[in-house]
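> just the structure for this:
(one chain, ligands or ions: 4)
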Amino acid sequence: MKLRELLNIAGIKTPASLINPEITGIEYDSRQIRTGDLFVAIRGYKTDGHTFIDPAIHHGASAVVCETDPCLQDIPVITVPNSRKALARLSQAFYNTETLPFHLTGITGTNGKTTLTLLIRELEKQAGLKTAISGTLGFLSDFEHETFSERTTPESRDLHKMFHTCNQAGIQSLIMEVSSIALELSRVDNIAFDTAIFTNLTQDHLDFHGSMDRYFAAKIRLFSQLTPEGTAIINIDDPYGSQLFTSLNHKKRSCSLKNPLADYHFSEYHLSAGGLKGVVHTPDHTLSVEAPLIGVFNAMNILQALAAWMEHHPHIRPDHLNLESLPPIPGRMDIVRTAQHGTVIIDFAHTPDAIDKILKSVREIPHERLIALFGCGGDRDKTKRPLMGQIAEKYADQIILTNDNPRSENPEAIIADIRKGITSHQNVTIETDRQKAIHQILTHGNPGDLILILGKGAEKVMEIGEKKIPFNDKDIVQKWVQTHEI
Ligand SMILES: CC(=O)N[C@H]1[C@@H](OP(=O)(O)OP(=O)(O)OC[C@H]2O[C@@H](n3ccc(=O)[nH]c3=O)[C@H](O)[C@@H]2O)O[C@H](CO)[C@@H](O)[C@@H]1O[C@H](C)C(=O)N[C@@H](C)C(=O)N[C@H](CCC(=O)O)C(=O)O
Ligand SMILES: Nc1ncnc2c1ncn2[C@@H]1O[C@H](COP(=O)(O)OP(=O)(O)OP(=O)(O)O)[C@@H](O)[C@H]1O
Ligand SMILES: N[C@H](CCC[C@H](N)C(=O)O)C(=O)O
Ligand SMILES: [Mg+2]
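Ligands and ions are numbered 1, 2, ... in the order given. Below you'll find the model as predicted:
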């Protein structure tokens, strides 16, 4: 595509004198530039993309979009007020993804997004739709190998490239997690969603957003991006959800575990170690549901997934729905049973609310000791650390504090922050090496113990400094069990 045509479609003003090279790709990282790419310089949190304009040109960039004119000769330079916004518009124009031929669902909220993507995918499959999901687990579809994504919601260029791939593969339904950071950083600008879901809002990412109000403001932007016929699915048990529901002038459906007047609610549900069974009432139907998911929070996840699905398919009204074919959700309530050292649950709880919910849920399972192993990520919300310590102390008999992606921070300092929320340190052990910590609790575990390994879920690496070292909680547990139990 010619540069001028691209800028035109993207709605970016073009000087008449502009040279008009062929643009063969869009790139925001100078290290990835290929000949013919348009380089978009972004002012970042760690560094400034404008300082990489020269290397980008050296590597073959044929034009530059930036916020400050570097005064170059021979190469077209387009200055814009906001490079991230320009990147989103240019990517949409380049990949021709203004209108999408598939149903696009966006899920936002502090917890439950990944779980919902997998639940909705399962339902869409049961309706015979070719489906893909994008989020913390990467890009998963039936037609391509799964691809890992550095971020829960990819950069706008990568998103539009993904939409283009979905287009070509004939995907009918794409379900994606939309993080508040992505909404704030223009990664999903101009994308129209057919369904938008709000799960809940509790403390996380305050380092980035500054306050809960600004965190909420970022999340609700998703709902201004609904198509005119689009539907909002909202958990009204959450105070922020209830506020959002009241303020929306769009087609909207409420979900509640408490309020029988909500559009989607259970008249009854039972949770057992085998999963959930219940009866769901919708605005026009009643159905019984079974799903192999444990934890009260999963009752809401199931309700919201059902709501999204039934609103998308008004002609599908089963009397009974069995989600037993739902594959285990990696790293979410992932259970490894050992013969002599207790039951291990690996879970991605990394916020105060998630830790509270999971500890409250699992303590209902008969056990001797409830042991919680966790840490907190470095370069992330510091104020959640003592709260996580405080909650763990309330419910767990024993706590092991360890590393969870310390990144650029000192691991001991992170643990010291968690300890500030704990009053009695008698049952608290510290071992920064997470593998050693896991080995220790398994070694000292008894058959009746419930051992919770929290915070990293299905993550495949440990981020220490700039390094990403292969690391997976479940692999470590399974390897230990294989060598220590016959
Ligand atoms: C806070 C945040 O989101 N940071 C993102 C941001 O980084 P940044 O602005 O600091 O970028 P930077 O590293 O300073 O670099 C600036 C620009 O220079 C470019 N560059 C850099 C070096 C070079 O040699 N050449 C070059 O061109 C970079 O590609 C970039 O375009 O822009 C970068 C490029 O787009 C992202 O990679 C980076 O995400 C990092 C990986 C990150 O960890 N983000 C997390 C916080 C995040 O986004 N999380 C959310 C929420 C998770 C959830 O709760 O579910 C997510 O969606 O994953
Ligand atoms: N509806 C929910 N409400 C509260 N906690 C939940 C809910 N669903 C899941 N959780 C807890 O939160 C953890 C993370 O769940 P999940 O991965 O689905 O959330 P997420 O929103 O995708 O998280 P992230 O922002 O990191 O991508 C789970 O392991 C579980 O402990
Ligand atoms: N999407 C979240 C995941 C956090 C997971 C936890 N293991 C951590 O590193 O804090 C983030 O990037 O903030
Ligand atoms: Mg997620």
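
> distance check, residue 426 against ligand 1.
33 Å (CB to the nearest ligand atom, to the nearest Å). C-beta: built from backbone N, CA, C; applies to glycine.

> which positions in the chain make contact with ligand 1?
Selection of the chain residues close to ligand 1 by CB under 6 Å from any ligand atom yields 28-31, 42, 44-47, 49, 52, 136, 150-153, 155, 179, 181-182, 185.

> just the buried members of those?
Among the residues of the chain next to ligand 1, those that count as buried by neighbour count (16 or more other CB atoms under 10 Å) are 28, 30, 42, 49, 52, 136, 152-153, 155, 179, 181-182, 185.

> secondary structure and pLDDT added to the residues you listed, as a markdown table?
Listed next are those as a markdown table, based on DSSP: H, G, I helix; E, B strand; the rest coil; pLDDT from 0 to 100:
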| residue | secondary structure | pLDDT |
| --- | --- | --- |
| 28 | coil | 98 |
| 30 | helix | 97 |
| 42 | coil | 98 |
| 49 | helix | 97 |
| 52 | helix | 97 |
| 136 | coil | 94 |
| 152 | coil | 93 |
| 153 | coil | 96 |
| 155 | coil | 97 |
| 179 | coil | 96 |
| 181 | helix | 95 |
| 182 | helix | 97 |
| 185 | coil | 97 |
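
> ok, which of these also contact ligand 4?
residue 136 (CB under 5 Å from the ion).

> which residues touch residue 102?
Shown in contact with residue 102 (CB atoms under 8 Å, 6 or more residues apart in numbering): 166, 167, 171, 172, 173, 174.

> how does it look with 6 Å?
171, 172, 173, 174 (CB atoms under 6 Å, 6 or more residues apart in numbering).

> pick out the residue of the stretch 201-350 of the chain closest to ligand 4.
At 7.6 Å from ligand 4, residue 348 is the closest residue in the stretch 201-350 of the chain, using CB to the ion.

> tell me the pLDDT of that residue.
Residue 348 is assigned 97 on the pLDDT scale.

> what's the domain layout of this protein?
3-95, 103-322, 334-484 (automatic domain parsing).

> okay, those in JSON lines with distance to residue 328 next?
Output for these, formatted as JSON lines (distance: least, CB to CB, whole Å):
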{"stretch": "domain 3-95", "distance to residue 328": "34"}
{"stretch": "domain 103-322", "distance to residue 328": "8"}
{"stretch": "domain 334-484", "distance to residue 328": "6"}
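
> what about residue 158, distance to residue 149?
8 Å (CB to CB, to the nearest Å).

> so where's the chain uncertain?
Across the chain, the ranges flagged by pLDDT under 70 are 143-146, 486.

> hey, which helix is longest across it?
Using DSSP state H, we find that the single longest helix of the chain is helix 296-312.

> mind giving me the packing neighbours of that one?
The contact analysis (3 or more CB pairs under 6 Å, 6 or more residues apart in numbering; DSSP states H and E) places helix 296-312 against helix 113-126, strand 193-198, strand 226-235, strand 251-256, strand 264-272, strand 275-282.

> report the angle between that helix and strand 264-272.
Relative orientation of helix 296-312 versus strand 264-272 (axes from the mean of the first three to the mean of the last three CA atoms, to 10 degrees): 140 degrees.

> centre of the chain to helix 296-312, how far?
Put simply, helix 296-312 sits 17 Å off its chain's centre (CA atoms, centre = their mean, to the nearest Å).

> hang on, the earlier thing: nearest to ligand 3, out of the domains of the chain?
Checking those against ligand 3 by CB to the nearest ligand atom gives domain 334-484 as the closest, at 2.1 Å.

> residues of stretch 323-334 that come out buried?
Within stretch 323-334, the residues scored as buried using 16+ other CB under 10 Å are 323, 326, 329, 330, 331, 332, 333, 334.
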